[in-house]
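> below is the structure, and that's it, no one-letter string:
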């Protein structure tokens with residue numbers, strides 16, 4: 001079992017920055033791709049950014065050029081640096097990771113509990 005714990009959310013004015021962190025913990029596992037999703041009130045959860053185990057990144061068009069995803073495999077942590085924040089970025093942000101137990105080929109999907117990001121105009 002892998003646990004994901006997000007941190008770094010909060011309230012920020014438009015144009016400001018926040019950095020989200022998501023730390024994975026558990027025993028004898030290896031992380032595959034990781035990503036960030038978000039869900040605004042009344043809307044479906046949407047993909048924000050992903051990063052593969054090789055470091056290849058992808059972004060939703062709405063955040064390209066403003067958000068940067070990165071990972072530190074030594075700390076089992078993925079980050080989301082969010083700059084030039086807009087009110088429409090307001091949402092609960094969720095961390096997602098694929099992970100497998102060492103010695104097993106089966107990759108399971110894990111989610112964090114979410115962290116609130118609120119951008120005021």
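Nice, thanks for sending it over. All of these numbers come straight from a predicted model, not from anything done at the bench.

> gap between the closest residue in space to residue 32 that isn't next to it in sequence and residue 33?
Leaving aside its sequence neighbours, residue 32 sits nearest to residue 98 (Cβ to Cβ, 6 or more residues apart in numbering; 3.8 Å). (C-beta placed from N, C-alpha, C; glycine too.) Residue 98 sits 5 Å away from residue 33, going by Cβ to Cβ, to the nearest Å.

> pretty sure residue 11 contacts residue 120?
Yes. With contact defined as Cβ atoms under 8 Å, residue 11 counts as touching residue 120 (6.6 Å).

> geometric centre of the chain: which residue is closest?
Taking Cα atoms, centre = their mean, the centroid of the chain lies closest to residue 36, which sits 2.8 Å from it.

> against residue 5, how distant is that residue?
Taken as Cβ to Cβ, the span from residue 36 to residue 5 is 14 Å.

> mutual contacts of the two, please.
Taking Cβ atoms under 8 Å, 6 or more residues apart in numbering as the contact criterion, the residues that touch both residue 36 and residue 5 are residue 22.

> now do the same contact list for the nearest residue to residue 76 once chain neighbours are set aside.
Counting by Cβ to Cβ, 6+ apart, residue 24 is the residue found nearest to residue 76 once chain neighbours are left out, at 4.2 Å. For residue 24, the contacting residues are 2, 3, 4, 31, 76, 77, 78, 97, 99, 110, by Cβ under 8 Å, 6+ apart.

> now residue 14
85, 86, 87, 119, 120, 121.

> kindly recompute the last result at 10 Å.
84, 85, 86, 87, 88, 89, 119, 120, 121 (Cβ atoms under 10 Å, 6 or more residues apart in numbering).

> residue 17 now?
Contacts of residue 17 by Cβ under 10 Å, 6+ apart are 66, 81, 82, 83, 84, 85.

> of those, which is the nearest to residue 52?
residue 81 (17.9 Å; Cβ to Cβ).
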